[in-house]
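>>> how would this look folded up:
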Amino acid sequence: MEAIILIGIQATGKSTFYKAAFADTHVRINGDMLQNNRSCIEDLMDVCLRHGQPFCIDRMNFSRQQRQPFLERAKAAGFLRIGYYFRSAVGEALERNRNPDRADKGIPDEALHGIAAQLELPTYREGFDRLHHVTIDPERGFHVTDWSNDR
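Numbering: from 1, shown residues only. A predicted model of the protein is given here:
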């Protein structure tokens, strides 16, 4: 049983990565789809935890404070806690944010800069069992490597 937590600013590929890597195996708990309603997010996570269903928290999760409740509850339920940090280069995110296929998400540049300034890198000390670093290669797609900054 896995609890996947995606971490990164807007327009870094989190939802696209979820669709490519986990859509067939993990329930997607997505802030945009649930209108960032904390109660809905927690309710859906509770159902997954109760029934042993792997899930993926597909939102920014940019601070330790935001990630902590997910990690604690997943640990209590015996889930493996896996984090994927998406390279959060603001310039690249701003460029992707301007793509016509993201018109429905249209995040103001100032908001993206603001979130980037608040981003806290994940650590194993938070309670992750595994951590990965994700970058986007324009020619080959996603590139995933093991995170090893604080073991």
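
>>> Send over the helix or strand where Gln66 lies as CSV, restricted to the C-alpha atoms.
Following DSSP states H and E, the helix or strand that holds Gln66 is helix 64-76. Taking Å, rounded to 0.1, in the frame of the first residue of the first chain, the C-alpha atoms of helix 64-76 are listed here in CSV:
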residue,chain,number,x,y,z
ARG,A,64,6.4,20.5,5.4
GLN,A,65,3.3,21.7,7.3
GLN,A,66,1.1,20.8,4.3
ARG,A,67,2.7,17.4,3.9
GLN,A,68,2.8,16.4,7.6
PRO,A,69,-0.9,15.4,8.0
PHE,A,70,-0.7,13.1,4.9
LEU,A,71,2.5,11.5,6.1
GLU,A,72,1.3,10.9,9.7
ARG,A,73,-2.0,9.4,8.6
ALA,A,74,-0.4,7.2,6.0
LYS,A,75,2.1,5.9,8.5
ALA,A,76,-0.6,5.2,11.1
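
>>> could you point out which element follows the host helix or strand of His113?
If you go by DSSP H and E, His113 is part of helix 109-118. Counting by DSSP H and E, the next helix or strand C-terminal to helix 109-118 is strand 130-137.

>>> Now find how far off-centre that following strand is within its chain.
11 Å (Cα atoms, centre = their mean, to the nearest Å).

>>> what's the following helix or strand after it?
strand 141-146.

>>> strand partners of that next one, parallel vs antiparallel please.
When pairing is defined by DSSP bridges, strand 141-146 lines up against strand 130-137 (antiparallel).

>>> send the alpha carbons of the helix or strand of the chain with the lowest mean pLDDT over as CSV?
When the helices and strands of the chain are scored by mean pLDDT, DSSP states H and E, helix 90-97 comes last with a mean of 82. Listed in CSV are the C-alpha atoms of helix 90-97, where the atom choice follows Å, rounded to 0.1, in the frame of the first residue of the first chain:
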residue,chain,number,x,y,z
VAL,A,90,10.5,29.3,-11.9
GLY,A,91,11.4,30.3,-15.4
GLU,A,92,10.6,26.9,-16.8
ALA,A,93,7.3,26.8,-14.9
LEU,A,94,6.3,30.3,-16.1
GLU,A,95,7.0,29.2,-19.7
ARG,A,96,4.9,26.0,-19.3
ASN,A,97,2.2,28.0,-17.6
